[in-house]
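Trainee: Coordinates only, no sequence provided:
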């Protein structure tokens, strides 16, 4: 290149000389410019050029140092899927506006002052580098990871490994790994996964994040692709909502970190999970229908030498109990399960029963159904003066009533009356599917002959009236009685009369609204005049 320029320069001078050949004046001017002016001009321009080079080199180095320090101190990330910027403060992740990043960036450049003339060039370079920093490649600090794990365990999962496994699956789904896997979960978990889908859509722009979590097994699912996830049955949904509001983005970022760290969820189970978690997670994967039925029979079925039989509906209930006790989903359709049992045991078509087998888990179910049929009425409402009151019994109250009935009944029972709330719910949902149950706690539109809840409350009103009259005579300025005070009087009345059962405060207040609504003021107070005039 330099040799070409040299030739061009020499040619230009030669052309000038030839052009003005014989013109001594012009030739003298050419000589004067070349000899006297050109060297100084070139030297001046060369010095300026070297200064600019040095300045650019200096500013380039300063810009690189500034960008490196700025991005190290300010952990900004980006996702092209939703065109969002993020900030990490070493503890929590946040969505941040690009304008806020630019403001902080330009403010930092202004304070530094060295790069003022390159302010906008630096800004463009910084934003470009931030856009190359994926949020999913960020590495959370230990504090962030532990904060997420401490929220999930023990509130939602029974071990930290289970929580880590769940997070790794979520990370895999973000990266779209193992898309053909099916993760079977308890139906109670579906609601929290819907909320996780919502927060993922809002924060990272990914929809249907938990698409491969299923509450029910379908026969088109290959056992080899099925994995189990266990969650605490007593988790608080309100707590989960609060968790997602506070650290939903943190949870997703820890998930992607685990997915990268462990490669995928199957690798986590294989190389990092304890044996118990590994066996549970891979239970369906490592078994077939015949093996599962064989295990069920070995644990829940007793073979007999006589003609004892078990009806299919009862056997199906025991199967459901096996699934519930083992925290398994129903991975075999009922008809398939029935046919597999027919292959193992003698089946009688006329009675829809299996001959020569029974189960140690049946007695409590038989006794409870007998109790239900003899003492429970499913009349919808309690009627009084053309008004109706929706009656209800709580599940824990049913436990107590069943125990009382077991001690008092002349029926021949096979149990001592002890039954868990969970077992009652299983029995009711299986044998009485039309019964309305709210929140797995309140059984609506039923009453029990052993305990007239409304009668006892009405009886307590007489006692409360007497107590209020006594207090009113002592102190005439009593005008209101709070619901709490009224319930305390009711409770004292039940204790004095040695009643074995006391209605809940919720039920008591519900009845007050029905019975004396015209005397209730300020939502939670009763006018004393209702008692003193009663």
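Mentor: All right, it came through fine. For clarity, every value in this text was computed on a predicted model and none was experimentally measured. Numbering: from 1, shown residues only.
Trainee: can you list contacts of stretch 200-216?
Mentor: With contacts defined as Cβ atoms under 8 Å, 6 or more residues apart in numbering, stretch 200-216 is touched by 79, 81-82, 84, 95, 135, 170, 173-174, 179, 181-187, 189-190, 193-194, 196-197, 221, 229, 248-249, 252, 329-330. To be clear about C-beta, it is placed using only N, CA and C from the backbone, and glycine gets the same treatment.
Trainee: Go again with 7 Å.
Mentor: By Cβ atoms under 7 Å, 6 or more residues apart in numbering, the residues outside stretch 200-216 that reach it are 79, 81-82, 84, 95, 170, 173-174, 179, 181-185, 187, 190, 193, 196-197, 248-249, 252, 329-330.
Trainee: Mark which of the residues you listed are buried, thanks.
Mentor: Taking 16 or more other Cβ atoms under 10 Å as the criterion, what is buried in the contacts of stretch 200-216 is 79, 84, 170, 173-174, 181-185, 193, 196-197, 248-249, 252, 329.
Trainee: returning to what we had before: select from the contacts of stretch 200-216 every entry located in strands.
Mentor: With strands taken from DSSP state E, the overlap with the contacts of stretch 200-216 comprises 79, 84, 95, 182-184.
Trainee: Let's have those in TSV, adding pLDDT and distance to residue 157.
Mentor: Below are the ones in strands among the contacts of stretch 200-216 laid out as TSV (pLDDT from 0 to 100; distance: Cβ to Cβ, whole Å):
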residue	pLDDT	distance to residue 157
79	97	28
84	97	29
95	96	27
182	94	19
183	95	14
184	93	15
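Trainee: tell me which of these is nearest to residue 281?
Mentor: Of all these, residue 183 has the smallest distance to residue 281: 9.3 Å, by Cβ to Cβ.
Trainee: partners of that closest one in the sheet?
Mentor: On the basis of DSSP bridges, residue 183 takes part in beta bridges with residue 213, residue 227.
Trainee: doesn't residue 227 make contact with it?
Mentor: Yes: counting by Cβ atoms under 7 Å, residue 227 is a contact partner of residue 183 at 5.2 Å.
Trainee: Give me the residue ranges of the stretch 351-500 of the chain where confidence is low.
Mentor: Low-confidence segments of the stretch 351-500 of the chain, defined by pLDDT under 70: 379-388, 414, 472-477.
Trainee: And for the stretch 101-250 of the chain?
Mentor: Low-confidence segments of the stretch 101-250 of the chain, defined by pLDDT under 70: 112-116, 118.
Trainee: how about the residue most central in space within the chain, what does it touch?
Mentor: Centroid-nearest residue in the chain, with Cα atoms, centre = their mean: residue 192, separated by 3.7 Å. Applying Cβ under 7 Å, 6+ apart to residue 192 gives the contacts 237, 240.
Trainee: Can you give me every residue that contacts residue 524?
Mentor: Residue 524 makes contacts with 482-483, as judged by Cβ under 7 Å, 6+ apart.
Trainee: how far away is it from residue 47?
Mentor: Distance, residue 524 to residue 47, using Cβ to Cβ, to the nearest Å: 90 Å.
Trainee: Same question for residue 12.
Mentor: 24 Å.
Trainee: For residue 297, see how far away residue 288 is.
Mentor: Remark: distance between residue 288 and residue 297 (Cβ to Cβ) = 15 Å.
Trainee: Show me which of the two is the more surrounded one.
Mentor: Neighbours per residue, other Cβ atoms under 10 Å: of residue 288 and residue 297, the larger number sits with residue 297, 19 against 10.
Trainee: pLDDT value on the nearest residue to that one once chain neighbours are set aside, please?
Mentor: Take residue 297 and drop its neighbours on the chain: the residue closest to it by Cβ to Cβ, 6 or more residues apart in numbering is residue 344, 6.6 Å away. Turning to residue 344, the model gives it a pLDDT of 93.
Trainee: Show me where the stretch 351-500 of the chain has its strands.
Mentor: 353-355, 357-358, 376-377, 381-384, 387-390, 392-394, 437-438, 442-444, 447-448, 480-482 (DSSP state E, counting those that start in this stretch).
Trainee: Any idea which of those gets closest to residue 340?
Mentor: strand 353-355 (11.7 Å).
Trainee: List the buried residues for the closest one?
Mentor: In strand 353-355, counting by 16+ other Cβ under 10 Å, buried: 353-354.
Trainee: Likewise for stretch 73-81?
Mentor: Buried residues in stretch 73-81 (16+ other Cβ under 10 Å): 74-79.
Trainee: now stretch 286-299
Mentor: Judged by neighbour count (16+ other Cβ under 10 Å), stretch 286-299 contains these buried residues: 287, 289, 292-293, 296-297.
Trainee: chain center to that stretch, what's the gap?
Mentor: 31 Å (Cα atoms, centre = their mean, to the nearest Å).
Trainee: can you check stretch 409-423 too?
Mentor: On Cα atoms, centre = their mean, the centre of stretch 409-423 falls 37 Å from that of its chain.
Trainee: measure that stretch end to end?
Mentor: Taking Cα to Cα, to the nearest Å, stretch 409-423 runs 21 Å from one end to the other.
Trainee: residues in contact with that stretch?
Mentor: Stretch 409-423 is contacted by residues 363-364, 366-368, 370, 395-396, 399, 402-403, 406-407 when judged by Cβ under 7 Å, 6+ apart.
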